[in-house]
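A.B. asks: Quick one, fold the following:
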Amino acid sequence: MKITKFRTDELDDLMIFLDSNLEENYEKKVFLNIRQRWPEGFLIIKNKETIVGTCCGAILPNEKLRILILVLHEDYQGKGIGKQLMNLIIKESIIFGIKKVTLEARKDSKAITFYRKLGFSSVDVLPCYYQDGCDGIVMEKHL
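C.D. replies: Take a look at the predicted model:
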């Protein structure tokens, strides 16, 4: 497996991967905007030529990194790959003086346990945050 920066020519493959592995739906232009703003903060992981995971974030004011997406195909979960992606994106953000990482997770997601193991704490609830009406949990980690 190989972790690389997302390239725009991989957009169609990324959209297929996300449609199969996320409950939310996004327009292609969202990912082009994310990549344009901070290319180092948009990583994909491939097994051979197939995308099996991605992580992207945004640098925000007040020394904050916001993780926008971190998703792995279920066959690759529980193997330390998500932790590796998170560590890489945080490492890429350090040059910007990042002191805090934030993200949102579905209230009903097993990802909350994963994020807690990485040192994140739940700090807020966002009622009806997701497209299907599920609440979101805001999580943060101080570096």
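A.B. asks: how close does the closest residue to residue 82 other than its chain neighbours sit to residue 1?
C.D. replies: Counting by Cβ to Cβ, 6 or more residues apart in numbering, the nearest residue to residue 82 once its immediate chain neighbours are dropped is residue 72, at 5.5 Å. Every C-beta, even on glycine, is put in place using the N, C-alpha and C of the backbone. Counting by Cβ to Cβ, to the nearest Å, the gap from residue 72 to residue 1 is 11 Å.
A.B. asks: Between these two, which has more neighbouring residues?
C.D. replies: residue 72 (21 against 13; other Cβ atoms under 10 Å).
A.B. asks: Got the confidence number for the more buried one?
C.D. replies: pLDDT, residue 72: 97.
A.B. asks: Same check on residue 24?
C.D. replies: For residue 24, the predicted pLDDT is 86.
A.B. asks: what touches both of residue 72 and residue 1?
C.D. replies: Common contacts of residue 72 and residue 1 (Cβ atoms under 8 Å, 6 or more residues apart in numbering): 45, 52, 81.
A.B. asks: rewinding a little: so the residue nearest to residue 82 sits against residue 84, correct?
C.D. replies: No - between residue 72 and residue 84 there is no contact under Cβ atoms under 8 Å: 10.3 Å.
A.B. asks: Okay, and which of the shared contacts of residue 72 and residue 1 map to helices?
C.D. replies: Residues of those located in helices (DSSP state H): residue 81.
A.B. asks: most surrounded residue in the shared contacts of residue 72 and residue 1?
C.D. replies: Among the shared contacts of residue 72 and residue 1, residue 45 has the most neighbours (other Cβ under 10 Å), with 22 neighbours.
A.B. asks: Is it correct that that residue is in contact with residue 53?
C.D. replies: Yes - counting by Cβ under 8 Å, residue 45 does reach residue 53; the two are 4.2 Å apart.
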